[in-house]
Every structure is written in C-alpha cells, then in structure tokens.
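Undergrad: need the 3D shape of this:
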Amino acid sequence: MMADRSVGLWFSVVPVLAGFAVLALADVALPLYLVQVGSLLLAAVLVWLGARSQGDVLPGTLQALACLLVLLLGVPLLTVLSPDAPAQPLRWLQFGPVQLYSGSLLLPAILVLTAQLLQQPAHQAAACGILLATAVFLAMQPDAAQVLALTIAFPLLYLQACRPAGVTTSTPGLLPGLVFLPLLGLCYWTLRQQDELSAVPYVEGVFALALEYAVWAGLAVIASAVLLLLALYRQSLLDQPWLAAVSVYYAVLYGGSVAGATPAPLIGYGAAPVLGFGLMLALSLWLRQRSRTEMVNSE
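TA: Have a look, this model is predicted:
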C-alpha cells in the first residue's frame, strides 16, 4: 500500500499552536481559548470526513456547491442596520450568538472548487463567473484584504487548473483576461474604501505582538506562517495542484498582517479562519479522492 502523500499537511497545525501562544501573549480571557479549541475540533471533524469520502458525486455537484458558498458569502449584505447605527462593514455570518467572518470561512473553499471546475473546459466560464460574483460580494462588504488575495491568487489558480499534466505550454485565451481585469478594478475600488474597524493585536497584529515580546517569539510565529505556506505548496506539487493558489491566498493575508492591515489566518484569533481552513482541506482531500477514482475507472 502506498503511503498517504498528504501527511505533510499535518504541519498546518503549527500555526494554530502558534495562535494559542499569541493569545497567551495578549493575556486574553478564557472564553477566547474555548472558541479556538472548539473551532479547531470542528475543523478536524471536517478534515476527517473529507479524507474518508469516496469522491463519488452527481454531475453538477461541484458547481452547485460552489454557487451555494458564494450565496452564503453574500448573506451578510442582507444585514439590516438601524438608521442611527454607525457605518460598519457587513462581513459576518450570524449563527445565533456566533458571528463568523464570511470571507475567511468561505473563500479558501471557493478557490478549491473553482480550480476543479476550471480543469473542465465545459465549466470554465461558469467557474470564472463564480469567482467574479465572489469578488463583487467581497467588494460590497467591503473586504479589501480578501479581494486583494483573490486577485493575486487568480492567475496561478487559472494557469495551474487549466494546464493538463505533462503539458508545458498552453494558450490561455481571452477568458482569464476578461476575469482578471474586473478583479483588478474591484480590488482598486475596495482598497480605496475606508475600513471602520480598528486593528486588534491578537487578530491583525500577531507578528508585531510576538516581536514586541521577544525576537525569538516573533521569529517563531513568522516561521509557523512560512511552514504552512510551504506545506500547502509542497502538497500542490504532489497531488492537489489547487493548493498552490490557496498558499498564495494565505501568503497575501500574512503579508498584510505584518503591517497590521489584515487578520492573520490560523495564527490570529478567530473561529472562521480555522473552520475555513478545515472546510478547504476537507474539500481538497475529497477532490483528490475523486480524481483518483476517475483515474481508476478510466484504466
């Protein structure tokens, strides 16, 4: 039996552990630890389910699932604020008393699903439409960090998904340009919007917080982020090519967090990034199994 080639993804636990150290440095209350632990356990369940799935789906399932996630991304825009309420971004999905940051919860999974759709010529236009709808919803929230990460990740997402294995050259055509130019426009417009939220040290300022405590602590937190990016990229070279674009997505967010402008996924506090990573990884493992099943059936 071949060894599981996804064992390297266990290194993704390292930034989560670094996140608990950041919470300790910030001296946060116990409920915040419990939120992180609960989200980590739920994410582990999602990954477990994805790793044990058989990969069999009905035709159109991936496209329908991607559309569902995009619609969920737009739900926060339906939030009704009182006329005298201060202006604030509309980025959170409300589940009873729990609020989840929609972009970090859903966008990684959307990237994985659209990458799979882009591999199928008949679904490439639909995948590009899904990505544009995603960008529009994020821009309306407005969420400059997520739009920027999506814009930068898109070229790699398209090139890797549309290039068949063993082919070194391919003609992209007009479709990627018709998507990338609107993405650039939405990114520029969103970056010009004023963000009313203040940075929180253990959310956006994790790197600065660790470096202020000690240089070695800061370097350890930075190393945990780099390790995650390397683990995702390495796995993309093995059997899950869509993870290369996901690693770029996380790299952009970590880069913004160095300046205190964006939340640091997994390292900073927040249930949504942890659950979003678990959902993304579950879908990735499921799609890997689906690809293996299709290869076996075609032989």
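
Undergrad: the stretch 151-299 of the chain: helices as residue ranges?
TA: With DSSP state H, counting those that start in this stretch as the criterion, the stretch 151-299 of the chain has helices at 175-191, 206-213, 215-238, 243-258, 271-298.

Undergrad: and the longest one, what does it pack against?
TA: When contacts are defined as 3 or more C-beta pairs under 8 Å, 6 or more residues apart in numbering; DSSP states H and E, helix 271-298 packs onto helix 30-51, strand 98-101, helix 102-118, helix 243-258. Every residue, glycine included, has its C-beta placed from N, CA and C.

Undergrad: tell me how far the first one is from the chain's mean position?
TA: The gap between where helix 30-51 is centred and where its chain is centred comes out at 16 Å by C-alpha atoms, centre = their mean, to the nearest Å.

Undergrad: likewise for the second one?
TA: For strand 98-101, the separation from the chain centroid amounts to 15 Å (computed by C-alpha atoms, centre = their mean).

Undergrad: buried set for that strand?
TA: For strand 98-101, the neighbour count (16 or more other C-beta atoms under 10 Å) marks 100-101 as buried.

Undergrad: mind listing what it pairs with, with the direction of each?
TA: Take DSSP bridges as the rule and strand 98-101 pairs in its sheet with strand 92-95 (antiparallel).

Undergrad: identify the residues contacting the strand it pairs with?
TA: In this structure, residues lying in contact with strand 92-95 by C-beta atoms under 8 Å, 6 or more residues apart in numbering are 72, 75-76, 79, 99-102, 105.

Undergrad: sorry, back to before: need the winner for burial among the helices and strands packed on helix 271-298.
TA: Burial of the helices and strands packed on helix 271-298 is given as mean neighbour count (mean count of other C-beta atoms under 10 Å); helix 102-118 ranks first at a mean of 26.

Undergrad: now tabulate the contacts of strand 92-95 in TSV and tack on pLDDT and distance to V252.
TA: Below are the contacts of strand 92-95 laid out as TSV (pLDDT from 0 to 100; distance: C-beta to C-beta, whole Å):
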residue	pLDDT	distance to V252
L72	95	22
V75	93	24
P76	92	21
T79	79	26
Q99	89	23
L100	94	21
Y101	94	16
S102	95	17
L105	96	17
